[in-house]
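>>> Sequence plus the predicted model coming up.
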Amino acid sequence: RIPGGSTVVQLNQRMLLDLIASQPRSFAVAVLAEIGGHGSPRGLASALMALLELDQSSFAEPHRLDLHALLESWLPGFKLPRRADYLAGGRWARQSYYDAIYAVAKNILEDAEAFMALKGHIQRVRHN
């Protein structure tokens, strides 16, 4: 969990997650691709790791989101790794958590190729 998120920051993050969740799946994929910044799996992997560890301490336990389940609902067919599985004693302790997240990020960006192509086309037309 990333410490230090004020209640206002946590509420703003929650509202953004609620907005994404209210849209079609393609919107979530596009948002994640944008977060990755220019199709960078490394940037998206870092963003995913931060997103999966959002501080929700301002919310009562029953109102906290299972961020893994939420992202998996946006990304059918994707299994997001859990950090605890890669720590000592975890079922994947000998493997890299970062490598697992990186693989998911690459797959998300592959799913977002149509969005990125459309975005590039619109930007070229708009600037000409």
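Noted; the coordinates are in hand. Source: prediction; values computed, not measured.
>>> what residues does whichever strand or helix holds residue 18 touch?
Taking DSSP states H and E as the definition, residue 18 sits inside helix 7-21. Helix 7-21 has contacts (CB atoms under 8 Å, 6 or more residues apart in numbering) with 5, 27-28, 31, 54-59, 65, 70, 73-74. (Glycine included, C-beta is placed from N, CA and C.)
>>> can you redo these as CSV with secondary structure and distance to residue 111?
CSV is the format used below for the contacts of helix 7-21 (DSSP: H, G, I helix; E, B strand; the rest coil; distance: CB to CB, whole Å):
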residue, secondary structure, distance to residue 111
5, coil, 29
27, helix, 12
28, helix, 10
31, helix, 12
54, coil, 22
55, coil, 28
56, coil, 27
57, coil, 32
58, coil, 32
59, coil, 30
65, coil, 22
70, helix, 17
73, helix, 15
74, helix, 11
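>>> Pull the most distant pair out of those residues.
Greatest spacing in the contacts of helix 7-21, by CB to CB: 27 and 57 (28.0 Å).
>>> buried residues in the helix or strand bottoming out on mean pLDDT in the chain?
When the helices and strands of the chain are compared on mean pLDDT, DSSP states H and E, helix 113-127 comes out lowest with a mean of 84. For helix 113-127, burial by neighbour count (16 or more other CB atoms under 10 Å) applies to 115, 116.
>>> swap in stretch 42-59?
44, 45, 46, 47, 48, 49, 51, 52, 54, 56.
>>> can you check stretch 58-71 too?
Buried-residue list, stretch 58-71, by 16+ other CB under 10 Å: 65, 67, 70, 71.
>>> Return the member of those residues nearest to residue 83.
residue 67 (11.3 Å).
>>> At the geometric centre of this protein, which residue sits there?
Central residue of the chain (CA atoms, centre = their mean): residue 48, 4.0 Å from the mean position.
>>> Cheers, nothing more for now.
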